[in-house]
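S.K.: What follows is a predicted protein model with its sequence.
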Amino acid sequence: GAGVSQSPRYKVAKRGQDVALRCDPISGHVSLFWYQQALGQGPEFLTYFQNEAQLDKSGLPSDRFFAERPEGSVSTLKIQRTQQEDSAVYLCASSQRGGTEAFFGQGTRLTVV
Amino acid sequence: GESVGLHLPTLSVQEGDNSIINCAYSNSASDYFIWYKQESGKGPQFIIDIRSNMDKRQGQRVTVLLNKTVKHLSLQIAATQPGDSAVYFCAEATPPQKLVFGQGTRLTINP
């Protein structure tokens, strides 16, 4: 596809369940970012990859959050033992090497019940 | 800590009028700023950016102004259209593109 693709679009999880969110960046984009957006708030940085290397994970809120990008393209954000405060939209963005414009996907809305 | 914020959470304008959305930032070392538009159910969409060595940049119907003296950023949208209704975020980028977003301003275009 031409843009960043995220799946699923919506996910409902029972508290304590593990979830996995997928991001397909724009082909050829070296940089990949995950953001968390709570209702009515701006997105907040979670983690950053350059190719397969996770260079910054300072925004991950706890050790229940884990992200990977093993082959430098598709990325997965995993949340273990979900809690209600994890409910948010999770956005993925990609950009070219040295590029200044980040392209965002539509996000995955996670609701923990 | 560092933050990027907006002066007004909501703004309503008449269709065809110009709108101005404001943003304040606190990190004086920031050298790159971006405005994003986010429609309901969608991810943020890039509108326009500006580097700290500039004070004005124009795009199609949009203009971004940067005042480094007072650490203020604004987005001007000319001749607003119904499709301009959305939430607008300013963001500060730190290398290599880590974005710090403000809370957002909801722009409503009245017919």
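M.R.: Ah, there it is.
S.K.: near chain B, which residues of chain A?
M.R.: A:4, A:31, A:33, A:35, A:40-45, A:48, A:50, A:55-56, A:91, A:93, A:95, A:98-107 (C-beta under 8 Å from any C-beta of the partner chain). In this view, the C-beta of every residue, glycine as well, is placed from N, C-alpha and C.
S.K.: what about 7 Å?
M.R.: By C-beta under 7 Å from any C-beta of the partner chain, the residues of chain A that approach chain B are A:31, A:41-43, A:45, A:48, A:56, A:91, A:95, A:100-102, A:104-107.
S.K.: Please list only the buried members of these.
M.R.: A:31, A:42-43, A:45, A:48, A:91, A:95, A:102, A:104-107 (16 or more other C-beta atoms under 10 Å in any protein chain shown).
S.K.: can you tell me which of those are in strands?
M.R.: Judged by DSSP state E, the subset of these located in strands is A:31, A:45, A:48, A:91, A:95, A:104.
S.K.: Show me what B:Ile77 is bridged to.
M.R.: With DSSP bridges as the criterion, B:Ile77 is bridged to B:Ser19, B:Val62.
S.K.: Would you confirm that it contacts B:Gly16?
M.R.: No. B:Ile77 is beyond contact range of B:Gly16, at 11.2 Å (criterion: C-beta atoms under 7 Å).
S.K.: Between these two, point out the one with more neighbours.
M.R.: Ranked by neighbour count (other C-beta atoms under 10 Å in any protein chain shown), B:Ile77 and B:Gly16 place B:Ile77 first, with 22 against 11.
S.K.: Following the chain past the lowest-mean-pLDDT helix or strand in chain B, name the next helix or strand.
M.R.: Least confident helix or strand of chain B, by mean pLDDT, DSSP states H and E, is strand B:4-6 with a mean of 51. Sequence-wise, the next helix or strand downstream of strand B:4-6 (DSSP states H and E) is strand B:10-14.
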